[in-house]
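J.: this one's sequence-less:
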């Protein structure tokens, strides 16, 4: 006994079996084909937005296609129409309906089997989220930005529906405030949702791309070293987050001077008056950098000769007097320059 049932109901029949000698035996049967479970989908149709073209298709499954559809109770929101052949709900809703309208949809399959589902069709207002884009966070500086909404019914619940906030940031679901302190420049793209008291939703795509602060290396002009004289100059940084690490990123310090990378102090005793060009770079606690270039030429010390006046000489008398240099680095060499 085989085939494909095409109708539900109760069917009674008798089957007789006759053996090779013509002897029969019979039994009566009742076979009641049952309808499959026909499921109408979706369980929660998308909400319509007032003034925005809408399209949602109700479908049937579990039975045998094709299906026909009907509304068995309730009424579609104003501006929407239902196609009983395709199950499509289309049109442009004209009125917000708050918590929504209850509508029962029926799907009938090719053999008359029926499934029904009652759903809520909601028409939401246009909800706007502001700002359209988020201000740029600054690494190392506390960040706080509220996302506000208008057009719906308070209170709103905020959430991240796709992507993710940066690891340093958090979202207050009740106020829509994104806050935290950036510790890197890695950008993050995410979708933020605001759901109003009636379940109406608005979403906006945002990107948070922290940038480094402007880090300034000081002083503008360092003190001039003097050849052969102990020298100390402290370079500092401002605008980032301490502590800073200092480095000579380009060129060379004057001969005889060195940089303490932790304190920014350049010290030593210059050994040459050759000009030196170099760049001091400061890297803050979060890896943000600032730099300044310098040109420094060590100066000669002030060298004076003593005495300021020589004693007079006497004709015919042996003369000897020593002229001495002071203020520089011995030994000195002496010449008559004019």
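T.: Done, it's in. Note that this is a predicted model, so its numbers are computed, not measured.
J.: Mind listing the residues bridging to residue 55?
T.: residue 90 (DSSP bridges).
J.: residue contacts, the closest residue to residue 297 other than its chain neighbours?
T.: Of all residues not flanking residue 297 in the chain, residue 275 sits nearest, at 4.3 Å (Cβ to Cβ, 6 or more residues apart in numbering). (C-beta placed from N, C-alpha, C; glycine too.) Residue 275 makes contacts with 295, 296, 297, as judged by Cβ atoms under 8 Å, 6 or more residues apart in numbering.
J.: Show the pLDDT at the first one.
T.: Residue 295 carries a pLDDT score of 97 in this model.
J.: Any idea how many residues pack against it?
T.: 10 (other Cβ atoms under 10 Å).
J.: Let me know the helix or strand that it is in.
T.: Assessed by DSSP states H and E, residue 295 sits inside strand 289-296.
J.: Run through the neighbouring helices and strands of that strand.
T.: Here strand 289-296 touches strand 216-218, strand 245-251, strand 276-283, going by 3 or more Cβ pairs under 8 Å, 6 or more residues apart in numbering; DSSP states H and E.
J.: Might you calculate how far the next helix or strand along the chain from it sits from the centre of the chain?
T.: Per DSSP H and E, the first helix or strand lying C-terminal to strand 289-296 is strand 304-306. Distance of strand 304-306 from its chain centroid, counting by Cα atoms, centre = their mean, to the nearest Å, is 70 Å.
J.: Packed most tightly, which of the helices and strands packed on strand 289-296 would that be?
T.: Mean neighbour count (mean count of other Cβ atoms under 10 Å) peaks for strand 276-283 among these, with a mean of 20.
J.: Would you check the distance separating that strand from the middle of the chain?
T.: 33 Å.
J.: Begin at 31, not 1, for the rest of this chat.
T.: Okay, using 31 as the starting number, the last item reads as strand 306-313.
J.: relative to strand 275-281, how tilted is that strand?
T.: Put simply, strand 306-313 runs at 140 degrees to strand 275-281, going by axes from the mean of the first three to the mean of the last three Cα atoms, to 10 degrees.
J.: Just the mean pLDDT for strand 306-313, thanks.
T.: In the prediction, strand 306-313 has an average pLDDT of 98.
J.: Quick check: bridge partners of the residue most central in space within the chain?
T.: Centroid-nearest residue in the chain, with Cα atoms, centre = their mean: residue 218, separated by 2.0 Å. Beta-bridge partners for residue 218, by DSSP bridges, are residue 238.
J.: what sits against it?
T.: 193, 194, 195, 196, 199, 237, 238, 239.
J.: Next: residue 61.
T.: Per Cβ under 8 Å, 6+ apart, neighbours of residue 61: 40, 41, 42, 43.
J.: partners of the helix or strand where the third one lies in the sheet?
T.: Element membership for residue 42, per DSSP H and E: strand 41-48. Applying DSSP bridges, strand 41-48 is found paired with strand 54-61 (antiparallel).
J.: From the chain's centroid, how far away is the strand it pairs with?
T.: Distance, centroid of strand 54-61 to centroid of chain: 74 Å (Cα atoms, centre = their mean).
J.: Check the average confidence over it, would you?
T.: The pLDDT scores in strand 54-61 average 94.
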